[in-house]
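1. Give me a model of this one.
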Amino acid sequence: MLLTFGACVSSSKSTTTPPEQQKALQKKTLKERVLHQAATQNRIIDSLIKAKDPRLKKDKNGAYIRPNRILSNGTPVYFSTNHGRSIRKAIKADALGNEGTTGLNLDGSGIHVGVWDAGHVFAAHEEFTGGPDFFGYQVPIEIADAETPDLWDGHPTAVASIIIAKGLFHRDDYDVTGVAPNLERLYSYDWDDDVLEILDQLQTNNNTDFILSNHSYGYPLIDRDGNILEDQYIGDYSEWSAVLDNIIYVYPKYLHIAAAGNDGNNSYPAQEVVGLDQLTGSTTAKNVLTVASFSMDDDGTRFRASGFSSAGPTNDFRIKPEISVLGSQVAAPYWFVSTPDEMDGYLVGSGTSFAAPGAAGGIALLQQLYQEQTNSYMTGATVKALICHTADDIDYWYAPGDIPGPDVKTGYGALNLEQAAALMQQDADTEPNALTEFTLSDGKVKRLFFIGNDEGALQATLAWFDPNADVDAAIALVNDLDLRIYEGTETFFPWKLPTAVQQVTAIKGDNDRDNLEKISIPNVSNGFYEIVISHKGRLVGGQQNASLVLSGPGTFFASKAELEKLNPEGVLVMYDDSVKIITVVMLLSDNLIQSVALYDLMGREVARQSKGNSSSTNTRIDTAHLATGVYVLGIKTATKSIFRSFLLN
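-> Now for the predicted structure:
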């Protein structure tokens with residue numbers, strides 16, 4: 001606030017107060033004003049808390065949080081930071097952090113992450129040290145492949161900052177705070193011998209806390225000299241893809257994160273569809289998480305595909321990349337070769353190099369939460385299933401709503417950490433079947449059941465780390481697991497890409513290419529569904545470890561035994577009063593319905609659904625023509641008749 005003071009001279013005999021006394025008076029008046037205002041504000045705040053005013057916020061323990069201001073109309077208000085474009089905000093990491101809406105206070109504690117890049121992270125940057133006057137926690141940055149850092153580089157410095165920067169630099173339009181600023185340790189490697197060093201970290205060091213690594217580099221379609229990569233190396237299942245798939249299959253807690261690349265606006269002579277088929281190197285590996293970039297408006301709305309972000313599919317028509325993170329117009333700490341001793345350099349840039357570490361930091365938060373819940377880490381396959389399951393669909397390429405569903409540019413959508421964490425908490429607290437890690441043996445089938453009790457979508461996502469295929473395999477998938485959901489005679493299939501021609505959008509069908517399958521059923525109110533995981537052919541190794549993520553407005557059951565315990569007769573009766581329809585479901589498929597009838601209290605039949613010579617596990621009766629009241633429902637199966645009273649309303 002700027003206070004302006006003036007002096008008025010009214011006669012030649014001035015009694016003007018000396019400047020020093022004026023300044024002292026101004027200070028005294030200002031202090032009295034501020035003290036009075038503060039006292040008034042605190043008195044009002046105290047009265048609001050005493051009255052338990054519903055406009056007041058509460059912390060995670062239920063205690064009232066004192067507002068920062070009371071407006072002139074009596075409304076309590078709270079301060080918030082006004083940072084602009086932020087990866088943390090874009091992927092909902094803020095909600096999981098300190099003072100976040102979830103109360104989880106996740107910051108990456110306990111997690112080890114490796115960053116392989118062009119050179120080494122400039123660990124002396126103030127965004128990592130906090131500056132000369134900072135005495136708090138600093139993430140240890142270990143130069144892991146050299147006794148001394150022989151090559152600082154700005155690129156890995158920016159990449160690491162997306163994960164662990166302290167957020168010293170703030171402007172209205174940018175926020176550089178890292179997604180997981182309290183990691184246990186960050187390893188900095190240059191990109192020479194990257195695969196060997198990954199294996200060394202996993203195997204020789206036996207580092208069980210090393211579960212994530214970020215790789216924001218790869219082969220460009222067109223190099224700096226204008227040379228176009230040979231077509232045989234674009235979209236192929238490369239040697240490095242096969243090696244990485246092998247490592248990840250053997251060490252399933254580890255997840256390798258790769259930036260999709262920045263060739264989205266480039267084309268080449270052999271390209272079948274302009275804008276597609278641009279992935280190279282290890283981005284085509286099955287078990288790797290390939291990360292695309294999305295763009296957004298400055299106010300954080302209207303997510304859309306970044307034009308520069310490289311698109312799939314792979315040559316065998318897999319949905320790659322799988323997930324998207326903000327990578328457009330991101331501010332980050334940087335090390336400049338022209339000013340090598342400068343410790344507070346920054347830049348603003350765009351690229352999937354920024355998106356990938358956003359995913360790495362976000363996954364570190366989810367693994368921290370899982371560690372707190374279970375004292376263990378999720379497998380990387382569970383992580384992939386979880387984040388693809390809870391992602392926000394990006395249906396905006398060139399116009400709003402033009403590309404619905406998963407696609408070869410943005411994968412399954414924008415990473416949403418808040419939704420992923422909410423599902424994890426649901427699994428821990430109320431729905432133990434929401435996240436399941438299991439082993440499918442050769443020739444076996446896994447079944448789960450779902451009973452819907454409200455409007456909403458049923459979703460199931462299956463993922464597994466597949467054995468490596470031969471280099472340049474026409475179809476890279478080795479163990480082909482299948483996810484299906486059944487409701488009576490109707491079968492629901494997962495998303496897949498058509499294999500006849502390259503196209504942007506996915507369709508529904510038998511997915512025999514991806515080691516991640518997702519099914520979405522829009523509305524499952526009052527429905528009974530069977531979720532089945534099976535496999536084709538023989539499983540290499542005799543079994544396959546897999547992960548299943550489930551969500552929906554109802555209850556999941558892990559077996560028929562659970563259903564029988566809930567309902568010994570094996571009969572489920574549901575009523576949807578919005579359409580006046582009764583649904584009868586036989587929970588056990590060996591006891592099929594032959595007919596269902598409805599009787600009034602005089603014993604007169606008022607409605608019937610007969611299956612004739614056929615039979616089914618479920619049927620429906622329309623009751624729209626009947627008055628409200630009590631009726632008797634008669635269910636006939638091949639072995640028995642069941643009668644229940646039923647209230648129509």
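2. can you tell me which residues contact Ile163?
-> By C-beta atoms under 8 Å, 6 or more residues apart in numbering, the contact list for Ile163 reads 108, 113, 115, 178-181, 183, 186, 214, 357, 360-361, 364. In this view, the C-beta of every residue, glycine as well, is placed from N, C-alpha and C.
3. 7 Å - rerun?
-> Val113, Gly178, Val179, Ala180, Leu183, Leu186, Pro357, Ala360, Gly361 (C-beta atoms under 7 Å, 6 or more residues apart in numbering).
4. okay but the first one is in contact with Leu186, surely?
-> When you say that, I think you mean Val113. Yes. Counting by C-beta atoms under 7 Å, Leu186 is a contact partner of Val113 at 5.5 Å.
5. out of those two, which sits in the more crowded spot?
-> Val113 (28 against 24; other C-beta atoms under 10 Å).
6. Bridge partners for the more buried one, pull those for me.
-> Leu186, Leu212 (DSSP bridges).
7. From Arg538, how far off is it?
-> Noted for Val113: a distance of 37 Å to Arg538, by C-beta to C-beta, to the nearest Å.
8. any idea how far the nearest residue to Glu418 once chain neighbours are set aside lies from Glu490?
-> Leaving aside its chain neighbours, Glu418 sits nearest to Lys92 (3.8 Å; criterion: C-beta to C-beta, 6 or more residues apart in numbering). Here the criterion is C-beta to C-beta. By it, Lys92 lies 34 Å from Glu490.
9. what about those two, which has more around it?
-> When neighbours are counted by other C-beta under 10 Å, Lys92 and Glu490 differ, and Lys92 comes out ahead with 23 against 10.
10. shouldn't the more buried one be in contact with Ala420?
-> No. If you go by C-beta under 7 Å, Lys92 and Ala420 don't touch, sitting 8.6 Å apart.
11. joint contacts of those two?
-> Counting by C-beta under 7 Å, 6+ apart, nothing touches both Lys92 and Ala420.
12. if I look at the residue nearest to Asn182 when sequence neighbours are not counted, how far off is Thr129?
-> With sequence-adjacent residues excluded and distances taken as C-beta to C-beta, 6+ apart, Asn182 is closest to Asp107, at 3.8 Å. Counting by C-beta to C-beta, the gap from Asp107 to Thr129 is 17 Å.
13. of those two, who's got more company?
-> Using other C-beta under 10 Å, the more surrounded residue of Asp107 and Thr129 is Asp107, with 23 against 16.
14. show me the contacts for the more buried one.
-> Contacts of Asp107 were listed using C-beta under 7 Å, 6+ apart, and they are Gly97, Asn98, Ala180, Pro181, Asn182.
15. same thing but 10 Å
-> Counting by C-beta atoms under 10 Å, 6 or more residues apart in numbering, Asp107 makes contact with 93, 96-98, 137, 164, 178-183, 361, 364-365, 368.
16. Closest one of those to Val573?
-> Taking C-beta to C-beta as the measure, Val573 sits nearest to Leu96 out of the contacts of Asp107, at 41.1 Å.
17. Pull the number of nearby residues for that closest one.
-> By other C-beta under 10 Å, the residues close to Leu96 number 28.
18. Spatially, what comes nearest to it if we skip its sequence neighbours?
-> Nearest-residue entry for Leu96: Leu106, 4.4 Å, with adjacent residues in sequence omitted and distances by C-beta to C-beta, 6+ apart.
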